[in-house]
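Participant: give me coordinates for this.
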Amino acid sequence: MTGVNETREAVVVGAGAAGLVTAAELGRRGVGDVLVLERGEGVGASWRSRYEGLRLNTIRQFSGLRGLRIRRSTGRYPSREDFIAYIEEYARRAGLDVRCGVTAERIERTADRDWRMTTDGGDLIARYVVIAAGWDREPVMPEWRGSETFTGELIHSSEVRRPADYAGREVLMVGAGNTGIDLAGLLIDAGAQVVVSMRTPPTIVPRDWHGIPTGPGAVPLHRLPPRLADLIVAPAQRVMIRDLAPYGIPRPPAGMFTRFREEGVSPAVDDGFVAALRAGRTRVVGEIERFEGREVVLRDGERLTPAAVICATGYRRGLEPMVGHLGVLDAAGAPLRPRGAPEHPAAPRLYFVGYTYRIARNIPLFSGQARRVATAVARDRATGRAPARAPAAA
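Facilitator: Sure, this is the predicted structure:
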């Protein structure tokens with residue numbers, strides 16, 4: 001083990017919305033020695049790496065962090081660029097100490113019951129560690145027989161930067177979740193010829209209905225049993241989206257809230273894809289079975305020859321290398337929070353923010369999680385325990 005390069009009272013891993021608001025809340029509770037580590041090249045690295053045209057699915061008023069509103073000039077749904085500018089301003093105003101280009105690799109308990117964090121830039125000691133690295137650290141790429149023979153472009157949606165680059169090209173979009181539906185719509189608008197490959201029918205909701213945002217209506221329904229919430233929203237869904245079975249999208253296997261609770265699947269927010277589907281500007285096909293050179297063979301035998309296959313197939317949290325050995329993750333790699341506690345009893349003073357979410361209005365939810373963590377840290381500090389100190393260099 002290498003020697004310790006630095007000792008801080010608290011380290012936050014991740015400089016996205018969840019990490020920045022956590023660092024700010026710690027500061028408000030009197031924890032002044034907080035370091036935020038970000039493996040990307042700037043705050044909001046996850047947003048920086050997304051495609052042009054991406055917008056928040058929640059309205060501006062419900063998308064800000066505690067202490068700073070998003071500017072009215074960004075419109076109803078702030079763009080990717082607007083939100084990056086917003087969190088840059090948030091970090092600047094809060095006076096946060098953010099260190100970019102540093103990857104947290106592993107966290108271990110020290111003999112003094114502090115935390116030793118190994119990074120690609122040296123080791124750190126901290127009394128408190130907050131993991132807020134996001135749910136999208138590792139893209140999930142499917143494996144298909146013969147994919148190595150494909151002569152076209154085969155990428156994950158996280159690699160798409162400019163939908164306009166696909167103008168005039170045939171694109172097969174794999175996945176009909178939030179990203180798949182949104183990106184497919186942008187590609188169609190950019191002039192691409194898009195076909196969507198779907199395994200499970202998505203639950204689709206419009207971003208707006210006759211000029212009224214739909215997202216705020218979902219927030220209070222989270223307090224209800226999922227099946228009751230499904231019964232309440234089902235009539236509105238039938239009116240707003242209508243039957244898409246004639247266009248290749250059958251009814252989803254379960255209601256929107258039931259799927260979210262049991263599978264963690266959020267509804268796909270539509271801002272033009274459904275209209276394009278009904279107008280015949282795109283179509284939906286079944287699953288991919290294999291690749292044969294320039295051809296993609298579907299399970300039903302249909303053969304496609306797209307220039308590009310874009311996989312909007314989700315992400316993994318990717319926390320196992322960092323904290324998997326501490327017994328704080330479930331079988332799916334999600335942080336465990338026994339009885340809703342801010343920390344796991346197996347790892348005192350290790351916290352997670354941004355891994356519990358809901359169908360809508362998640363950014364304010366992160367603010368609430370950050371406040372709970374900051375309150376827990378303040379209570380722990382009030383016990384008078386000695387601050388973290390570096391052990392002798394190994």
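
Participant: just for the stretch 251-394 of the chain, where's the confidence low?
Facilitator: Low-confidence segments of the stretch 251-394 of the chain (pLDDT under 70): 339, 384-394.

Participant: what segments of the stretch 101-250 of the chain are helices?
Facilitator: For the stretch 101-250 of the chain, the helices defined by DSSP state H, counting those that start in this stretch cover 178-189, 215-218, 226-240.

Participant: so which bits of the second one are buried?
Facilitator: Within helix 215-218, the residues that count as buried by 16 or more other CB atoms under 10 Å are 215, 218. C-beta coordinates here come from the backbone N, C-alpha and C atoms, glycine included.

Participant: sorry, back to before: with distance to residue 118 and mean pLDDT added, can I get the helices of the stretch 101-250 of the chain in CSV?
Facilitator: Output for these, formatted as CSV (distance: least, CB to CB, whole Å; pLDDT from 0 to 100):
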stretch, distance to residue 118, mean pLDDT
helix 178-189, 32, 97
helix 215-218, 40, 85
helix 226-240, 41, 92
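
Participant: how about those helices, which one is nearest residue 249?
Facilitator: helix 178-189 (10.2 Å; CB to CB).

Participant: and that closest one, what other elements does it pack with?
Facilitator: With contacts taken as 3 or more CB pairs under 8 Å, 6 or more residues apart in numbering; DSSP states H and E, helix 178-189 sits against strand 170-174, strand 193-197, strand 268-270, helix 273-278.

Participant: residues contacting it, please?
Facilitator: 51, 53-54, 57, 157, 160, 163, 166, 171, 173-174, 194, 196, 202, 204, 266-273, 276, 281-282, 310, 312 (CB atoms under 8 Å, 6 or more residues apart in numbering).

Participant: now swap in stretch 256-270 and tell me
Facilitator: Residues from elsewhere that reach stretch 256-270, judged by CB under 8 Å, 6+ apart: 57, 176-178, 180-182, 185, 202-207, 215, 221-222, 224, 226-227, 229-230, 233, 237, 241, 252-254, 358-359.

Participant: mind redoing it with 7 Å?
Facilitator: 57, 176-178, 181-182, 202-207, 221, 226-227, 229-230, 233, 252, 359 (CB atoms under 7 Å, 6 or more residues apart in numbering).

Participant: ends of that stretch, what's the gap?
Facilitator: End-to-end distance of stretch 256-270 (CA to CA, to the nearest Å): 14 Å.

Participant: ok, and for that stretch, which residues are buried?
Facilitator: Counting neighbours by 16+ other CB under 10 Å, stretch 256-270 gives 256, 257, 258, 259, 260, 261, 265, 266, 267, 268, 269, 270 as buried.

Participant: farthest pair in those residues?
Facilitator: Taking CB to CB, the two most distant members of these are 261 and 270; they sit 21.8 Å apart.

Participant: wouldn't residue 38 be in contact with residue 103 here?
Facilitator: No. Counting by CB atoms under 7 Å, residue 38 stays clear of residue 103, with 9.1 Å between them.

Participant: looking only at neighbour counts, state which of those two leads.
Facilitator: residue 38 (24 against 15; other CB atoms under 10 Å).

Participant: phi, psi of that one?
Facilitator: Here is the backbone geometry of residue 38 (degrees, to the nearest 10): phi -140, psi 120.

Participant: pull the contacting residues for it.
Facilitator: 14, 15, 45, 98, 99, 100.

Participant: give me that answer again for 8 Å
Facilitator: Contacts for residue 38 (CB under 8 Å, 6+ apart) come out as 14, 15, 19, 45, 98, 99, 100, 101, 102.

Participant: so what's the fourth one up against?
Facilitator: In this case it means residue 45. 15, 16, 38, 39, 100.
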